[in-house]
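Student: Need a 3D model of the following:
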Amino acid sequence: QGNMAFTGKYEFEGDENYDAFVTKIGLPSDKIEMGRNCKIVTEVVQNGNDFTWTQHFPGGRSTTNTFTIGKEADMETMGGRKFKATVKMEDGKIVAEFPNYRHTAEISGGKLLEISTSSGVVYKRTSKKIA
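Tutor: Prediction:
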């Protein structure tokens, strides 16, 4: 696991428990419908402990979170809510506590594996590296 382990471009490949999770965190149904099986491309630039994490959605919309491991940063949720969080690194995984869920991201077998947990509901998203 090198310093630049996360840098790359990843395309959505599959997920588990999407509906149960987004319903649990209170996303409105139009956003739920828009995000289902959405070919999100996640672009990560890692420079030591500094990250720029961008999600590109079909239709040209994108959200970017810029953060440094161990420092509080302004973040935006799946549903567009803004909040402050301190992102940590645990066992090579990025861990962020969102207002109503915990999110982890790791590189596993060359893929970006993201897991979000809210009140016992676990949502997994896998993206394959494309660049």
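
Student: Name all residues that make contact with the residue nearest the centre of the chain.
Tutor: Against the mean C-alpha coordinate of the chain, by CA atoms, centre = their mean, the closest residue is Glu114 at 6.0 Å. Counting by CB atoms under 8 Å, 6 or more residues apart in numbering, Glu114 touches 103-105, 124-127. Bear in mind the C-beta positions are built from the backbone N, C-alpha and C, glycine included.

Student: Go through those residues and name the one nearest Thr52.
Tutor: Distance to Thr52 across those (CB to CB) is lowest for Ala105, with 13.5 Å.

Student: Show me which positions of the helix or strand encompassing the residue nearest to the centre of the chain end up buried.
Tutor: Taking DSSP states H and E as the criterion, Glu114 maps to strand 111-118. For strand 111-118, the neighbour count (16 or more other CB atoms under 10 Å) marks 112-118 as buried.

Student: Starting from the host helix or strand of Tyr10, tell me which strands it pairs with and how they run.
Tutor: Using DSSP H and E, Tyr10 sits within strand 8-16. Strand 8-16 sits in its sheet next to strand 41-47 (antiparallel), strand 121-129 (antiparallel), going by DSSP bridges.
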